[in-house]
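Student: Model the structure of this input:
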Amino acid sequence: QVQLVESGGGLVQPGGSLRLSCAASGFTLDRYAIGWFRQAPGKEREGVSCISSSGGNRYYADSVKGRFTISRDNAKNTVYLQMNSLKPEDTAVYYCNAQRFENNYWGQGTQVTVSS
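Tutor: Alright, predicted model coming up:
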């Protein structure tokens with residue numbers, strides 16, 4: 001069964017850090033570009049960061065540039081999103097996406113809440 005599972009979300013104070021994980025099962029991630037997206041209540045889903053299959057190319061939305069870092073460990077079939085200096089506006093459900101040609105997989109999401 002093809003599956004992406006996000007983990008690592010939670011409640012954190014402003015300025016804190018979290019590391020999200022996106023683990024794949026039923027397929028290998030090493031040939032897939034991986035993206036992290038987020039959706040806040042009442043807002044559309046937006047792209048946060050993505051990484052190429054080799055890891056050589058990375059993209060960050062302006063709102064997270066300098067604070068978030070995407071990485072991948074193909075040996076562990078997992079992609080990570082390190083989030084530092086978190087702000088209340090980072091509060092959202094975070095989703096990972098794996099895409100290669102016609103294959104497009106989404107995880108179920110993990111909640112990140114930044115609040116004092």
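
Student: Please identify the helix or strand for the spatially most central residue of the chain.
Tutor: By Cα atoms, centre = their mean, the chain has its centre lying nearest to residue 36, at 3.3 Å. Counting by DSSP states H and E, the element that carries residue 36 is strand 33-39.

Student: Contacts for that strand next, please.
Tutor: Around strand 33-39, the neighbours that count as contacts under Cβ atoms under 8 Å, 6 or more residues apart in numbering are 20, 22, 45-53, 70, 72, 79, 81, 90, 92-100, 109, 112. For the C-beta atoms, the positions are set from N, CA and C on the backbone; glycine is no exception.

Student: So which of the residues you listed sit within strands?
Tutor: Of these, the ones assigned to strands by DSSP state E are 20, 22, 46-51, 70, 72, 79, 81, 92-100, 112.

Student: that older thread, now, of the contacts of strand 33-39, which are buried?
Tutor: 20, 22, 48-51, 53, 70, 72, 79, 81, 90, 92-98, 109, 112 (16 or more other Cβ atoms under 10 Å).

Student: mind checking pLDDT for the residue nearest to residue 48 when sequence neighbours are not counted?
Tutor: Closest residue in space to residue 48, ignoring its immediate chain neighbours: residue 36 at 4.5 Å, by Cβ to Cβ, 6 or more residues apart in numbering. Listed pLDDT for residue 36 reads 98.

Student: next one: residue 55
Tutor: 86.

Student: Next one: it relative to residue 97, how far apart?
Tutor: Relative to residue 97, residue 55 is positioned 16 Å away (Cβ to Cβ, to the nearest Å).

Student: Run the chain-centre distance for stretch 85-93.
Tutor: 13 Å (Cα atoms, centre = their mean, to the nearest Å).
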